[in-house]
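Enquirer: Pasting the sequence and the predicted model now:
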Amino acid sequence: MWQYLAAYGAVLALLCLTLVVTPFARMPGPVIPALLAFYQSAVILAYFVTAILLFILYREMAQTDLLMLGSGYLFSGIVSYAHFLSFPGLIAPNGVIGGDDQTTPILWLVWHGAFPAAVCIAMYLRARGVRNANWLASLSMALVAVVVAAAGVILTATLWHDYLPGLLLTRNGIGWTLNEWSWVGLVLINLAALVVLGFNRGRHSTLTLWLFVGTVALSLEVMMAWYSSQYYSVAWYASRILGFVGSAVLAGIFIIENALLLRNSSRLARELRTALMEARAATQSKSHFFAAASHDLRQPFQAMRLFYGVLEQSAADKSQRTAIEHLGQAMSNAETLLNELLDIARIENRSLPISCQWTDLRPLIEEVARDLRPVAEHRGLTLRVRGPSIKLKTDRALMKRILQNLVSNAIRYTEKGGVLIATRRRGGENVIEVWDTGIGIAQQDMGKVFEEFYQVANPGRDRTQGTGLGLAIVRRLAVGLECEIKLVSRLGRGSVFTVILPREKKPKQGSSWRR
């Protein structure tokens, strides 16, 4: 709210200044070239600073209206600098870049006409919601276009001024001269910029608000300069004050906004670091607890197993035996879940030791297949092993755990056909692939299957279908053994889990456990 009050207050002050100066507009004032030099330098700096800040904002938001506004400010900065160099008596009697009496007025007219034109185009682009996917290419093209256009204007006003129609002719009693029509066109395009700014609210509200203030100042400068029509008059000096406000207001607001943003960002960064440290400490505390309490948490299940055996032997009738079987299944599910949670805690706490040795993977794979083949055959599936022998340094027990989880997962989600465990040498890499002809995984679910407790086709979380932690453990173990897991699947056709093995490199002991 305070920004609206400040902006409308600034507009009111500019209008009051214009009204106060108007009665004395054509009164000659003192010739102070240094004041003009200060004004021009400040305006040029403000234009370039605003252009840079708008380009930075465009890089973050990729909205073309910001690119157009930045280009308008950059073009105005270049042309205003040429106007500064061409002004007679400021640096040299006739300026330092050549030309004639028309050069400085032409540059001034182009400068004060191009900027409101850029504002109108930017507001049109904003209304259309135009965005650029490749911000760098668009920015590069815009910079080249601005430099080429500004160079063309400057060369035309200096080297080729003889080919231009006279702008400094006075009224001949028959009609308006080109000079007067140029002023009318300049006033109209500035008023058009004010109108489109007034109807464009919403996105970039702060930017639009203060851009409106700057355009009001620029429009008043144009009208005041038109009315005075002479150098170093009271209105001429007043128009320069208005021009300075028009160019500096947005740069100043941008600098203040960026300073506030930087302060807030620093505060948020400190808070984020504190929250991150607290979260890490909580995670480490949890992992330490699970790792240290692993033995104590398993003991109750061992006791329950003993009591379960006693109950099973003492069951008198069928209903009791059924109840005891359900109790045993529930205990098995709970114990499996507990063991897998404790394993994850040990992995994240880096307390699961890695013992690397030369291992032939073919016997290891055969061992996994032998253990799980009865489960596959019970479901009417085949379980085969194919491929060459591969030897590498790895932890045999952990690698077996990875393969067991992948193969048992494939068997669980395959209803007909079979599962294949294959070793391959592919493009200089050694890989193990687990193929199945199961239900497959939808494209949108492929990234979720390695998350904890996520199970395909088990929305009811039936624990008889597993705990949903097998692939989460596989992912963590693979990181520890410096392997990579890839998944390819087609819904209704099956899946392929690929374990890309490390290249003749021993996994780091202990410190390799990381997520």
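Expert: Ah, there it is. Everything numeric in this text was worked out from a predicted model, so none of it was measured.
Enquirer: from the chain's centre, how far out does the one helix or strand Leu45 maps to sit?
Expert: Taking DSSP states H and E as the definition, one finds Leu45 inside helix 33-61. Mean C-alpha position of helix 33-61 versus that of the full chain (C-alpha atoms, centre = their mean, to the nearest Å) differs by 27 Å.
Enquirer: With stretch 72-80 instead?
Expert: On C-alpha atoms, centre = their mean, the centre of stretch 72-80 falls 30 Å from the chain's centre.
Enquirer: Residues contacting it, please?
Expert: 40, 43-44, 47-48, 50-51, 54, 107, 110-111, 114-115, 117-119, 122, 143, 146-147, 149-150, 153-154, 247 (C-beta atoms under 8 Å, 6 or more residues apart in numbering). Bear in mind the C-beta positions are built from the backbone N, C-alpha and C, glycine included.
Enquirer: and those residues, which are buried?
Expert: 40, 43-44, 47-48, 50-51, 54, 107, 110-111, 114-115, 118-119, 122, 143, 146, 149-150, 153-154, 247 (16 or more other C-beta atoms under 10 Å).
Enquirer: and the closest residue to Tyr227 other than its chain neighbours, what is it in contact with?
Expert: Once flanking residues are discounted, Tyr227 sits nearest to Ala25: 5.3 Å by C-beta to C-beta, 6 or more residues apart in numbering. Ala25 sits next to 224, 227-228, 233-235, 238 when contact means C-beta under 8 Å, 6+ apart.
Enquirer: Show me how to select, in ChimeraX, the buried members of these.
Expert: In ChimeraX, this line selects whichever of the contacts of Ala25 come out buried by 16+ other C-beta under 10 Å:
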select :224,227,228,233,234,235,238
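Enquirer: Nearest to Leu491, out of the contacts of Ala25: which one, please.
Expert: Distances from Leu491 to those, taken as C-beta to C-beta, are shortest for Met224 (71.9 Å).
Enquirer: Tell me which helix or strand comes right after the helix or strand containing that closest one.
Expert: Taking DSSP H and E as the criterion, Met224 maps to helix 205-228. Per DSSP H and E, the first helix or strand lying C-terminal to helix 205-228 is helix 234-292.
Enquirer: by how many degrees do that following helix and helix 205-228 diverge?
Expert: Computed by axes from the mean of the first three to the mean of the last three C-alpha atoms, to 10 degrees, the angle separating helix 234-292 from helix 205-228 equals 170 degrees.
Enquirer: what's stretch 388-398 in contact with?
Expert: Residues from elsewhere that reach stretch 388-398 (C-beta under 8 Å, 6+ apart): 352, 354-362, 364, 423-425, 430, 432, 477, 480-481, 501-502, 504-507.
Enquirer: Then stretch 143-150?
Expert: Outside stretch 143-150, the residues that touch it by C-beta under 8 Å, 6+ apart are 71, 74-75, 78-79, 82.
Enquirer: Going by neighbour count, which of those are buried?
Expert: 71, 74-75, 78-79, 82.
Enquirer: Mind checking which of these land in helices?
Expert: 71, 74-75, 78-79, 82 (DSSP state H).
Enquirer: closest to Gln302 among those residues?
Expert: Distance to Gln302 across those (C-beta to C-beta) is lowest for Ser71, with 75.3 Å.
Enquirer: what ranges of the stretch 151-300 of the chain fall below the confidence cut-off?
Expert: Along the stretch 151-300 of the chain, the model assigns pLDDT under 70 to residues 165-178, 201-204, 258-259, 261-262, 283, 286-298.
Enquirer: dump the residue contacts of Tyr4.
Expert: Leu209.
Enquirer: So it versus Ser219, what's the distance?
Expert: Distance, Tyr4 to Ser219, using C-beta to C-beta, to the nearest Å: 20 Å.
Enquirer: Secondary structure class of Ile91, three-state.
Expert: When classified by DSSP: H, G, I helix; E, B strand; the rest coil, Ile91 comes out as coil.
Enquirer: Tell me how far it lies from Val153.
Expert: From Ile91 to Val153 the distance is 20 Å (C-beta to C-beta).
Enquirer: cool, Asn134 as well?
Expert: 28 Å.
Enquirer: what's the answer for Ala118, then?
Expert: Distance from Ala118 to Val153, by C-beta to C-beta: 14 Å.
Enquirer: what's the answer for Glu325, then?
Expert: From Glu325 to Val153 the distance is 92 Å (C-beta to C-beta).
Enquirer: Val245 now?
Expert: 24 Å.
Enquirer: One more: Met277?
Expert: 57 Å.
Enquirer: got the CA coordinates for stretch 232-250 in PDB?
Expert: The C-alpha coordinates for stretch 232-250 follow below in PDB (Å, rounded to 0.1, in the frame of the first residue of the first chain):
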ATOM      1  CA  TYR A 232      18.800  27.100 -20.900                       C
ATOM      2  CA  SER A 233      15.300  28.500 -20.300                       C
ATOM      3  CA  VAL A 234      13.400  27.900 -17.000                       C
ATOM      4  CA  ALA A 235      11.200  25.300 -18.700                       C
ATOM      5  CA  TRP A 236      14.300  23.700 -20.300                       C
ATOM      6  CA  TYR A 237      15.900  23.200 -16.900                       C
ATOM      7  CA  ALA A 238      12.600  22.000 -15.400                       C
ATOM      8  CA  SER A 239      12.300  19.500 -18.300                       C
ATOM      9  CA  ARG A 240      15.700  18.100 -17.400                       C
ATOM     10  CA  ILE A 241      14.700  17.700 -13.800                       C
ATOM     11  CA  LEU A 242      11.600  15.800 -15.000                       C
ATOM     12  CA  GLY A 243      13.800  13.700 -17.300                       C
ATOM     13  CA  PHE A 244      16.100  12.800 -14.400                       C
ATOM     14  CA  VAL A 245      13.200  11.700 -12.300                       C
ATOM     15  CA  GLY A 246      11.800   9.600 -15.200                       C
ATOM     16  CA  SER A 247      15.000   7.800 -15.700                       C
ATOM     17  CA  ALA A 248      16.100   7.400 -12.100                       C
ATOM     18  CA  VAL A 249      12.900   6.400 -10.400                       C
ATOM     19  CA  LEU A 250      12.800   2.800 -11.600                       C
END
